[in-house]
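Asker: Give me a model of this one.
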Amino acid sequence: MIQHHCFLYFVILCLGTLGFSQTPAESYQAGQICFGQKDYVNAIRHFEKAMLTPEYEILAGIYTAKSYAELQKYGEVISICSRILEQSPKQIDLLYERGKAYKAILQSQRARADFEELRLLYPNNIFVRYHLGDCYAQLKLNDLAILEFQKVISFCPDFALGHLGLGMVYLAEEKLDLAQQHLDLALQFQPDLALAHHQLGKLLLKSFKFPEAIEHFQVMLLQDSQNPEAWHLLGKALQQQKEWQKALAAYTKALQYTPEAQHLPILSDKALLLYESKQWELALADINVLLKHYGETNARLYYQRGLVLMELKQTKAALEDLKKAIDIEPNFVDGQLALANIYSQEGPYHSAKLICDKLITRGQVSAPAYLYRARALFQLKAYKDAVEDFTASIQLQAALTEAYLGRAEAYLKIAEQSLVQIDQWYEKALYDLSKAIAWEPQTASHYNKRGRIYYFLKQYERATQDFDEAIRLQPETADFYYYRGNVKQTLKCWRDAIDDFTLAIEKNPQHLNAYVARARTHFQVKDYDNSLADYTKAIALNPQEPKLYFLRSKIFWEMKNPQKALQDLQQAIALKPGDEIGIYYHFQGKILAEIGEYEKALTEITKAIELQPDYKEFYELRSMIYRKLNRVKEAEEDLKTAQNLEPLH
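Answerer: Sure thing, here's the model as predicted:
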């Protein structure tokens, strides 16, 4: 049959070429052959010849309109249909084609008029009612649209387009369960329905079901590879999955198929992708291009550049951009939150609190608003208020790990200030850190923080397990070995503790605390040479810390070098150690007494007592010195005083 049509078309063409005029019937038949072969340009040429005679004007006109519709030349469709309908207003095929053309160019009211007229003529035609429902949906007359689509489905329950239309209306109304139900049915009845895959992908994107959304967009694009919205939405779904390169490729395709005047939302999302994938410089370059091409009145672009500049540690420039965004759009919530974010971390903290207060008071409640206010309250030492706001942010966004971590820190600060029930605050902090670990099980620092609390609560086995896991996840971090070494030191596993402190120093040769801890551990096993070497290294790292000289003086004393010990003590005192100065004078007096310098020893211990008169050991030492100086009465008075005091340690 196809060969017959092709031969006939060839004969007709030859006759025309040889100068033989085609009859209207031959032109119409040639047009039909071309239309069947999807050669719409030649079909139009033949049908328009046939239309010149009254006999074929309407019939050829219908197929001319259909051909133009296939070529998406909707103006010509409307022109042809309208011209014939002026003479023959009840030609349903022409009304139908014109209605579809009006709908395609979003002249929805005119399309509605055509399909409503067709509905009067053919109330049970599912295609007419489907297109009418689609017109109502375009006009946002959702109740009327739903009634039409429901009527279509009542006539034909397995009509895929009816379920598609109903699903799209429910999706527009955010009735996601109903929308998914009908879109699933549309695909059940017509698995290759591209628009249903597209709409279901949008729904799944809204529902945070990103892998499923990606699958539907990909199926849709197999049928319509130049659909810019599908490429754009595919990019957004891939971005949520952190498939950065694939998302970038999808955005590039979306830009390729989108008119340049409509590039802004795609370029904006692409810049956000570069931001989220930590390609700060590329993101900054893209946003600068956007600002250049789209003027200086787009608040969101300044906001996005502000975020990038924050990551690039250009805080001053970031603040300028965020303030610019808010100047352009005073009620720009994202911009205000970003400003509060910076202030809550770097100050002024009162400004962060004020911004969040205003947002929350206006009813613009969000997890970030409470989180940033909680941060500010924490810095302002209002720890219990901070706990309330961290809790509010968690209630709004359960997976907000930073809020759990912040609330844990606030509980620890409350514990520091508490005189009773300290452990309950540590238990609360433990709970929050465990939640943070549940949400982010691959983050080593969470285990480290929880391990330190277990250590405080003397749950040494659990502390060790957490430090072990932190080390497994991040083996190059010196602190993790240091804290595990502290556990070993507390358990008097001296060699294991030294090994951990040594590892900490290997990872970070400037780790002051590791040197001090290893020095103390060497001291415990009477390895005074190594202890001395570690304290000396610690002093080199921090020569203004008086306690280091005091600790090294103890090593010199154990090594029978009182002069070196006294030199370190004098240096420690010269550095003004604060509340511990009495202890330093006490030790200096003890050394002087041991080497027989009783008068000097008396001077030093008396200074200690004047500064800190509540320590038993101070009076006991001075009592002994008085006896050496034969000042018995004063010795007995000091001994009596000592009996009523608590020991130093």
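Asker: got the contact list for the residue nearest in space to the middle of the chain?
Answerer: The residue lying closest to the centre of the chain (Cα atoms, centre = their mean) is residue 276, at 7.7 Å. Neighbouring residues of residue 276 by Cβ atoms under 8 Å, 6 or more residues apart in numbering: 239, 242, 244. (Each C-beta comes from the backbone N, C-alpha and C, glycine too.)
Asker: Those in strands, which ones?
Answerer: When strands are assigned by DSSP state E, not one member of those lies inside them.
Asker: Out of the residues you listed, who's the most crowded?
Answerer: residue 239 (22 neighbours; other Cβ atoms under 10 Å).
Asker: For residue 205, what is the enclosing helix or strand?
Answerer: Assigned by DSSP states H and E, residue 205 belongs to helix 194-206.
Asker: Which other helices and strands does the helix or strand containing residue 307 contact?
Answerer: Element membership for residue 307, per DSSP H and E: helix 299-311. On a contact count with 3 or more Cβ pairs under 8 Å, 6 or more residues apart in numbering; DSSP states H and E, helix 299-311 meets helix 264-276, helix 280-293, helix 315-328, helix 333-346.
Asker: Let me have these in CSV, extended by mean pLDDT and distance to residue 513.
Answerer: Shown next, in CSV, are the helices and strands packed on helix 299-311 (pLDDT from 0 to 100; distance: least, Cβ to Cβ, whole Å):
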stretch, mean pLDDT, distance to residue 513
helix 264-276, 88, 36
helix 280-293, 89, 33
helix 315-328, 94, 30
helix 333-346, 95, 25
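Asker: After the helix holding residue 205, heading C-terminal, what element do we hit next?
Answerer: helix 210-223.
Asker: For that next one, buried residues please.
Answerer: For helix 210-223, burial by neighbour count (16 or more other Cβ atoms under 10 Å) applies to 210, 213, 214, 215, 216, 217, 219, 220, 221.
Asker: Give me the neighbour count for the closest residue to the fifth one other than its chain neighbours.
Answerer: Spelled out, that is residue 216. Spatial nearest neighbour of residue 216, excluding adjacent residues (Cβ to Cβ, 6 or more residues apart in numbering): residue 201 at 3.7 Å. Residue 201 has 26 neighbours, counted by other Cβ under 10 Å.
Asker: can you pull the contacts of residue 264?
Answerer: Residue 264 makes contact with 290, 294, 298, according to Cβ under 8 Å, 6+ apart.
Asker: And the buried ones among those, selectable in ChimeraX?
Answerer: The buried subset of these, as determined by 16+ other Cβ under 10 Å, is captured in ChimeraX by this line:
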select :290,298
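Asker: Reformat the contacts of residue 264 into a markdown table and put distance to residue 641 next to each item.
Answerer: What follows is the contacts of residue 264, written out as a markdown table (distance: Cβ to Cβ, whole Å):
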| residue | distance to residue 641 |
| --- | --- |
| 290 | 78 |
| 294 | 82 |
| 298 | 78 |
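Asker: Let's see the distance spanning stretch 235-254 from one end to the other.
Answerer: End-to-end distance of stretch 235-254 (Cα to Cα, to the nearest Å): 9 Å.
Asker: Name the residues of it that are buried.
Answerer: Within stretch 235-254, the residues that count as buried by 16+ other Cβ under 10 Å are 235-240, 243-244, 246-248, 250-251, 253-254.
Asker: Now for these: which two are most distant?
Answerer: The span of the buried residues of stretch 235-254, defined through Cβ to Cβ, is set by 240 and 253 at 17.6 Å.
Asker: Not counting its neighbours along the chain, what's nearest residue 600?
Answerer: Residue 600 sits nearest to residue 592 (Cβ to Cβ, 6+ apart), 4.7 Å away.
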